[in-house]
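In: this one's structure only:
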């Protein structure tokens, strides 16, 4: 049995999404000024984005989407346990882990600070700390692709996807641990109903 149940983790994630939705609608700079955003972004050498300093239609749209996601995730927890934890979240958790992990990888490995685009003959390793790459503001090997995905290569997006990956992986592992107990309880309930119907 897990220390924290999957329902508790999913509830926390839903409330996290609702909180982010509120701040994206009211004060987006509060998100980009968080310590975890600075810590993870600086450690990965990702640039900060000035677009989170003021409210914009795109951030309002993102806030509404996060609010919608948070509310719909909370509503799914009202389903019967077998449907909610095994059927719905049993497929959603691995899907969300995969998507958020892929986007976190994209955000770092295709950014200007990526070790894929920079090689310095004086560096001890190709995978040296990204601060090395910041010295070359215009990395000659990196060219923006010119599509909207370039806007995803910033600290806020990477931090969000990193936290999502860790949280959904934790949820997935916890769901796997709880699955046997949920199925056993459902089987006992069915057996009780059959026993009461036979009399």
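Out: Structure received. Note that this is a predicted model, so its numbers are computed, not measured. Numbering: from 1, shown residues only.
In: Flag the shaky bits of this protein, pLDDT-wise.
Out: Low-confidence segments of the chain, defined by pLDDT under 70, span residues 1-2, 113-148, 198-199.
In: tell me which element the residue nearest the centre of it falls in.
Out: The centre of the chain sits closest to residue 164, judged by CA atoms, centre = their mean, with a distance of 1.9 Å. When secondary structure is defined by DSSP states H and E, residue 164 falls within helix 155-198.
In: So what's the gap between that helix and the chain middle?
Out: Relative to the chain's own centre, helix 155-198 is displaced by 18 Å; criterion: CA atoms, centre = their mean, to the nearest Å.
In: what's the answer for stretch 22-40, then?
Out: The gap between where stretch 22-40 is centred and where its chain is centred comes out at 15 Å by CA atoms, centre = their mean.
In: Surely the residue nearest to the centre of the chain and residue 95 touch.
Out: No - applying CB atoms under 8 Å, one finds residue 164 not in contact with residue 95, separated by 11.9 Å. (Each C-beta comes from the backbone N, C-alpha and C, glycine too.)
In: In contact with the closest residue to the residue nearest to the centre of the chain other than its chain neighbours, which residues?
Out: Distances taken as CB to CB, 6 or more residues apart in numbering put residue 100 closest to residue 164, at 3.9 Å, once the chain neighbours are dropped. Residue 100 is in contact with 161, 164, 165, 168, counting by CB atoms under 8 Å, 6 or more residues apart in numbering.
In: ok, and the most crowded of these?
Out: Within these, most neighbours by other CB atoms under 10 Å means residue 168, with 24 neighbours.
In: was I right about that residue contacting residue 97?
Out: Yes - under the criterion of CB under 8 Å, residue 168 makes contact with residue 97 at 4.5 Å.
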